[in-house]
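Visitor: Just need the structure, nothing else, for what follows:
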Amino acid sequence: MSKVCNFCGNVLNDGDKFCTKCGAVINDNNVSGQNVNTQTNYNAQPNYNVNNNASNGAAVAAMIMGIIGLVFFWAPIIPLILGILALVFGIKGLNASNSLPQNKGKGMGIAGIVCGSIAMIIGFIYTIIWIMAFAFVATEYDTYKNEFNRYYNYDIDLYSTVQTIDQDNVKTILDDYNF
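Guide: As a prediction, this is how the structure comes out:
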């Protein structure tokens, strides 16, 4: 004997959690163990208690975070964090979609995983580029600062040397060279 949905008369498999025709939740109250060959009631009322509007919040969050991670691919660290979150929520969304009617959210969960993975890879590359750029700028700044200090200190030494020479020493030096 096979199971038959009491709401639509659809023949069910033994492991079904939902009716594949009307989406009704399968439990002991709405399944009959009648023979498939017997007349079924096709005028049965649909089950209005089934939540056909159920959503998969984890899958939605995964897709949104994956897309935002792709948009901010150029920023350091942000796509890495959003990519990891998109992967976690995408996997949770895929697991949750198996218990929802018609596997709601499965596509969004997969999209979140894909976008999150791409955002993580691109974000990792751009984070390395940012680190290298900051390291280059820091070394160039140090080089500029050292050169500036060298010329600045030279000018100060020259100025202090000129100030310490007094008029008598200048006359003596000029007299020595017959000026």
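
Visitor: okay, E147: pLDDT?
Guide: Note on E147: pLDDT of 79.

Visitor: Output the contacting helices and strands for the host helix or strand of it.
Guide: In the assignment (DSSP states H and E), E147 maps to helix 106-164. If you count contacts as 3 or more C-beta pairs under 8 Å, 6 or more residues apart in numbering; DSSP states H and E, helix 106-164 packs onto helix 57-71, helix 78-97. From N, CA and C alone the C-beta is placed, and that goes for glycine too.

Visitor: which other helices and strands contact the longest one?
Guide: If you count contacts as 3+ C-beta pairs under 8 Å, 6+ apart, helix 78-97 packs onto helix 57-71, helix 106-164.

Visitor: Just put the helices and strands packed on helix 106-164 in a markdown table and tack on mean pLDDT, distance to A133 and mean neighbour count.
Guide: Shown next, in a markdown table, are the helices and strands packed on helix 106-164 (pLDDT from 0 to 100; distance: least, C-beta to C-beta, whole Å; neighbours: other C-beta atoms under 10 Å):
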| stretch | mean pLDDT | distance to A133 | mean neighbour count |
| --- | --- | --- | --- |
| helix 57-71 | 93 | 21 | 22 |
| helix 78-97 | 92 | 16 | 22 |
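
Visitor: wait, isn't F73 in contact with A119?
Guide: Yes - using C-beta atoms under 8 Å, F73 is in contact with A119, at 6.3 Å.

Visitor: So which of the two has more stuff around it?
Guide: More neighbours surround A119 than the other of F73 and A119, with 29 against 18 (other C-beta atoms under 10 Å).

Visitor: Make sure C8 is indeed in a strand.
Guide: No - using DSSP: H, G, I helix; E, B strand; the rest coil, the assignment for C8 is coil, not a strand.

Visitor: Okay, it and N98: tell me how far apart.
Guide: Distance of C8 to N98, given as C-beta to C-beta, to the nearest Å: 22 Å.

Visitor: who has more neighbours, the two?
Guide: C8 (19 against 10).

Visitor: can you tell me how far the more buried one sits from N149?
Guide: In this view, C8 and N149 are 86 Å apart by C-beta to C-beta.

Visitor: can you check M132 too?
Guide: Relative to N149, M132 is positioned 26 Å away (C-beta to C-beta).

Visitor: circling back to that earlier point, mutual contacts of F73 and A119, please.
Guide: Common contacts of F73 and A119 (C-beta atoms under 8 Å, 6 or more residues apart in numbering): P79.

Visitor: TSV for the helices and strands packed on helix 106-164, including distance to M108?
Guide: Listed next are the helices and strands packed on helix 106-164 as TSV, based on distance: least, C-beta to C-beta, whole Å:
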stretch	distance to M108
helix 57-71	4
helix 78-97	6
